[in-house]
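Enquirer: next input, structure requested:
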Amino acid sequence: QVQLVESGGRLVQAGGSLRLSCAASGRTFSSYVMGWFRQSPGKERSFVAGISRSGGSTFYTNSVKGRFTTSRDNAKNTVYLQMNNLKPEDTAVYYCAAGDMESMSTNYYDYWGQGTHVTVSS
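Expert: As a prediction, this is how the structure comes out:
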């Protein structure tokens, strides 16, 4: 089992940048595929970015490609989401998740953090 804690969310102006972090407990962090998801009020939780166990491959939803980058440091049990050129539509609660498959579906992620709020003002 792994516990996840996100941090780094805050209010930022459009065009700005943020880096979210997700710290994991336990010794098996490197055995999990990690994903980032987001949820806005009244909307379903949706996939943002994912990263393989080694960090060698990443995958993104189309709306963030070229703006967001995910990375991980297995020695620090931490995964990151660097968000650049933020837009008001990026406003959401951002969650990190751990799973067994490189997937964009919430169904394949078993462990979730509590979320961190990102608000992008226009």
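Enquirer: buried set for stretch 40-55?
Expert: For stretch 40-55, the neighbour count (16 or more other Cβ atoms under 10 Å) marks R45, F47, V48, A49, G50, I51, R53 as buried. Quick note: C-beta positions are derived from backbone N, CA and C, even for glycine.
Enquirer: what sits closest to the first one if chain neighbours are left out?
Expert: Same thing as R45. Among residues not flanking R45 along the chain, Q39 sits closest, at 4.2 Å (Cβ to Cβ, 6 or more residues apart in numbering).
Enquirer: residues contacting the residue most central in space within the chain?
Expert: Central residue of the chain (Cα atoms, centre = their mean): W36, 2.6 Å from the mean position. For W36, the contacting residues are 20, 22, 47-50, 70, 79, 81, 94-97, by Cβ atoms under 8 Å, 6 or more residues apart in numbering.
Enquirer: those into JSON lines, with extra columns for secondary structure, pLDDT and distance to S103?
Expert: Formatted as JSON lines, these follow (DSSP: H, G, I helix; E, B strand; the rest coil; pLDDT from 0 to 100; distance: Cβ to Cβ, whole Å):
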{"residue": "L20", "secondary structure": "strand", "pLDDT": "98", "distance to S103": "20"}
{"residue": "C22", "secondary structure": "strand", "pLDDT": "98", "distance to S103": "17"}
{"residue": "F47", "secondary structure": "strand", "pLDDT": "98", "distance to S103": "8"}
{"residue": "V48", "secondary structure": "strand", "pLDDT": "98", "distance to S103": "13"}
{"residue": "A49", "secondary structure": "strand", "pLDDT": "98", "distance to S103": "12"}
{"residue": "G50", "secondary structure": "strand", "pLDDT": "98", "distance to S103": "7"}
{"residue": "T70", "secondary structure": "strand", "pLDDT": "98", "distance to S103": "14"}
{"residue": "V79", "secondary structure": "strand", "pLDDT": "98", "distance to S103": "16"}
{"residue": "L81", "secondary structure": "strand", "pLDDT": "98", "distance to S103": "17"}
{"residue": "Y94", "secondary structure": "strand", "pLDDT": "98", "distance to S103": "18"}
{"residue": "Y95", "secondary structure": "strand", "pLDDT": "98", "distance to S103": "15"}
{"residue": "C96", "secondary structure": "strand", "pLDDT": "98", "distance to S103": "14"}
{"residue": "A97", "secondary structure": "strand", "pLDDT": "98", "distance to S103": "10"}
